[in-house]
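In: show me how the following folds:
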Amino acid sequence: MNDIPLSILVAFLVLLLIVSAFFSSSETALMSLNRYRLLHKVKAGHAGALRAQNLLRRPDRLIGLILLGNIFANNYAASLTTVIALRLLGEDGIVLALGLLTLITLIFSEVAPKTIAALHPERLAFNASCLLVPLLKVFYPIIWVVNVMSNLLLRLAGINPHNETCSALSKEELRTVVAEAGAMIPDRYQNMLLSVLDLESATVEDIMIPRNEIAGIDLDDPLEEILEQIRNSRHTRIPVYRKSIDKVFGLLHLRKVLIQISHGQFTKELLAKCLDKIYFIPENMPLHQLLLNFRREKLRFGLVIDEYGDVQGLVTLEDLLQEIVGEFTTGSLDVRRQKDGSYLVDAGINLRELNRITGWALPTEGPRTLNGLIIEYLETIPEPGISLKLLDHRLEITAMESNAIKEVRFYPQV
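Out: You can find the predicted model right below:
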């Protein structure tokens, strides 16, 4: 060692520091890879991604190789530093030289390369895998011995090193990924994806049109009233019943009777023959299941019933799609923004729809409508003109109808 020129020793020392930096950055880059993006690149046939995935399949071997290279480089760097210090400064300079080496190693072989690797993991990991794969084959016997001993130690501690951790994302984790996607996913698509994830937690009761708003045909009504109702209907499908909506027995598609009406051939008997079967939906059915049922049965309409078989409301395919893609129209008749910044809101509106239109966060776990939420909060039937503060919202009850709140004014939040 004393015969080797000092310049060559310094060059070897620099080389060892570069080797240490390579292994340090490779470890950080490979462990920082986004596994789902890596899987996407693997499916696309990216060569670097394929090499990186093969290395990550056995992390114990990969870590063994990286630590072997790091320890080798750092130990030999310390030895060379000792030799150089003895030549230049004598024994008194060894401590100073090793302290300086520690600082240089920390900055140039650890912190700086690992920071770069954390910022650009794919670029460094894919390139580093070109060297790591052949090195793993060359030093496999040494790494195998190290892995056997370390795995034995882990087993003695009650840890199975071959147990794979579950990398699948939960629904809430997936929501976070979508919400944090930022500019990668436009807002309109982001909202749709979040709505799809919410389908499992929402039920039919959350989106149904309530019973008192169902427009149906009572066959016990005079024929003239039935004709007038059909002509003025805003809907293409109408449930048909006798005396009560709970005794519904069919669904009328208006196009089936419009020709007979125009020719003056319409009768109640003809109407009864044109009815389709009604699809009944339990009120607690999750929306994702309803979507599957509508698709499988090729349906667009269903009546919601409770545990006693009484009709509670109706749901259409349009209601279900609006829950995913948002309102089809640019405005809502139930929520009207005023010039002073306040909102006039129909109190019968569903709270989920109100939150979607306004961006508010009113609770949806209890009552389904704004009317129900206010009455639950007050614990009494209010009078028109009463003002209150509901959560962070100041509002005034502007209209009542029987024992139900008809209209509410929400004042701008301060």
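In: from here on, contacts and neighbour counts on C-alpha atoms
Out: Will do.
In: doesn't Ser195 make contact with Lys171?
Out: No. If you go by Cα atoms under 8 Å, Lys171 and Ser195 don't touch, sitting 11.8 Å apart.
In: could you list the buried residues of the helix or strand where Ala128 lies?
Out: Remark: Ala128 resides in helix 121-138, with elements defined by DSSP states H and E. Counting neighbours by 16 or more other Cα atoms under 10 Å, one finds that the buried residues in helix 121-138 are 121-122, 124-126, 128-129, 132-133, 136.
In: and stretch 181-194, by the same measure?
Out: Under the neighbour-count criterion of 16+ other Cα under 10 Å, stretch 181-194 has 190-194 buried.
In: what of stretch 306-316?
Out: 311-316.
In: Ile143 and Pro59, how far apart?
Out: Distance of Ile143 to Pro59, computed by Cα to Cα, to the nearest Å: 12 Å.
In: these two: who's more crowded?
Out: When Ile143 and Pro59 are compared on other Cα atoms under 10 Å, the one with more neighbours turns out to be Ile143, at 22 against 15.
In: ok, the more buried one touching Gly64?
Out: Yes. Using Cα under 8 Å, Ile143 is in contact with Gly64, at 5.8 Å.
In: CA atoms only for stretch 118-136 - export them in PDB, please.
Out: Extracted as PDB, the C-alpha positions of stretch 118-136 are listed here (Å, rounded to 0.1, in the frame of the first residue of the first chain):
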ATOM      1  CA  ALA A 118     -36.700  10.700  -3.900                       C
ATOM      2  CA  LEU A 119     -37.500  13.600  -6.300                       C
ATOM      3  CA  HIS A 120     -36.900  11.500  -9.500                       C
ATOM      4  CA  PRO A 121     -37.400   7.800  -8.400                       C
ATOM      5  CA  GLU A 122     -38.300   6.400 -11.800                       C
ATOM      6  CA  ARG A 123     -35.400   7.800 -13.700                       C
ATOM      7  CA  LEU A 124     -32.800   6.700 -11.200                       C
ATOM      8  CA  ALA A 125     -34.500   3.300 -10.400                       C
ATOM      9  CA  PHE A 126     -34.900   2.200 -14.000                       C
ATOM     10  CA  ASN A 127     -31.300   3.200 -14.900                       C
ATOM     11  CA  ALA A 128     -29.800   1.700 -11.700                       C
ATOM     12  CA  SER A 129     -31.600  -1.600 -12.300                       C
ATOM     13  CA  CYS A 130     -29.300  -2.100 -15.400                       C
ATOM     14  CA  LEU A 131     -26.400  -2.600 -12.900                       C
ATOM     15  CA  LEU A 132     -28.200  -4.100 -10.000                       C
ATOM     16  CA  VAL A 133     -29.600  -7.100 -11.900                       C
ATOM     17  CA  PRO A 134     -26.200  -8.400 -13.000                       C
ATOM     18  CA  LEU A 135     -24.600  -7.500  -9.600                       C
ATOM     19  CA  LEU A 136     -27.300  -9.600  -7.900                       C
END
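In: ok so, going back, if you count what's nearby, which of Lys171 and Ser195 comes out ahead?
Out: When neighbours are counted by other Cα under 10 Å, Lys171 and Ser195 differ, and Ser195 comes out ahead with 18 against 13.
In: residues in contact with the more buried one?
Out: Contacts of Ser195 were listed using Cα atoms under 8 Å, 6 or more residues apart in numbering, and they are 323-325.
In: measure it to Ser24 for me?
Out: According to Cα to Cα, Ser195 and Ser24 sit 42 Å apart.
In: now do Val138
Out: 19 Å.
In: again with Glu122
Out: Computed with Cα to Cα, the distance linking Glu122 and Ser24 is 15 Å.
In: kindly report the same for Asp218.
Out: With Cα to Cα as the criterion, Asp218 and Ser24 are 79 Å apart.
In: any idea of the mean pLDDT for stretch 74-84?
Out: Summarised as a single mean, pLDDT over stretch 74-84 is 88.
In: contacts for that stretch?
Out: Residues from elsewhere that reach stretch 74-84, judged by Cα under 8 Å, 6+ apart: 6, 9-10, 13, 16-17, 20, 94, 97-98, 101.
In: where do the strands sit along the stretch 201-350 of the chain?
Out: Assigned strands in the stretch 201-350 of the chain, in chain order: 209-210, 217-218, 237-242, 244-253, 280-282, 301-305, 311-316, 335-337, 343-346 (criterion: DSSP state E, counting those that start in this stretch).
In: can I get those strands in JSON lines with mean pLDDT and distance to Arg409?
Out: As requested, those are exported to JSON lines (pLDDT from 0 to 100; distance: least, Cα to Cα, whole Å):
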{"stretch": "strand 209-210", "mean pLDDT": "86", "distance to Arg409": "22"}
{"stretch": "strand 217-218", "mean pLDDT": "92", "distance to Arg409": "34"}
{"stretch": "strand 237-242", "mean pLDDT": "92", "distance to Arg409": "33"}
{"stretch": "strand 244-253", "mean pLDDT": "91", "distance to Arg409": "32"}
{"stretch": "strand 280-282", "mean pLDDT": "94", "distance to Arg409": "34"}
{"stretch": "strand 301-305", "mean pLDDT": "93", "distance to Arg409": "30"}
{"stretch": "strand 311-316", "mean pLDDT": "92", "distance to Arg409": "26"}
{"stretch": "strand 335-337", "mean pLDDT": "87", "distance to Arg409": "10"}
{"stretch": "strand 343-346", "mean pLDDT": "91", "distance to Arg409": "5"}
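In: could I get these as TSV with distance to Gly385?
Out: What follows is these, written out as TSV (distance: least, Cα to Cα, whole Å):
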stretch	distance to Gly385
strand 209-210	26
strand 217-218	37
strand 237-242	37
strand 244-253	34
strand 280-282	38
strand 301-305	34
strand 311-316	30
strand 335-337	19
strand 343-346	14
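In: out of these, which gets nearest to Leu391?
Out: When the strands of the stretch 201-350 of the chain are ranked by proximity to Leu391, the top entry is strand 343-346, at 16.2 Å, counting by Cα to Cα.
In: which neighbours in the sheet does the closest one have, and how are they oriented?
Out: According to DSSP bridges, the neighbouring strands of strand 343-346, each with its direction, are strand 335-337 (antiparallel), strand 404-410 (antiparallel).
In: export those to CSV and tack on mean neighbour count and distance to Val42?
Out: Rendered in CSV, the data for those read as follows (neighbours: other Cα atoms under 10 Å; distance: least, Cα to Cα, whole Å):
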stretch, mean neighbour count, distance to Val42
strand 335-337, 16, 49
strand 404-410, 21, 53
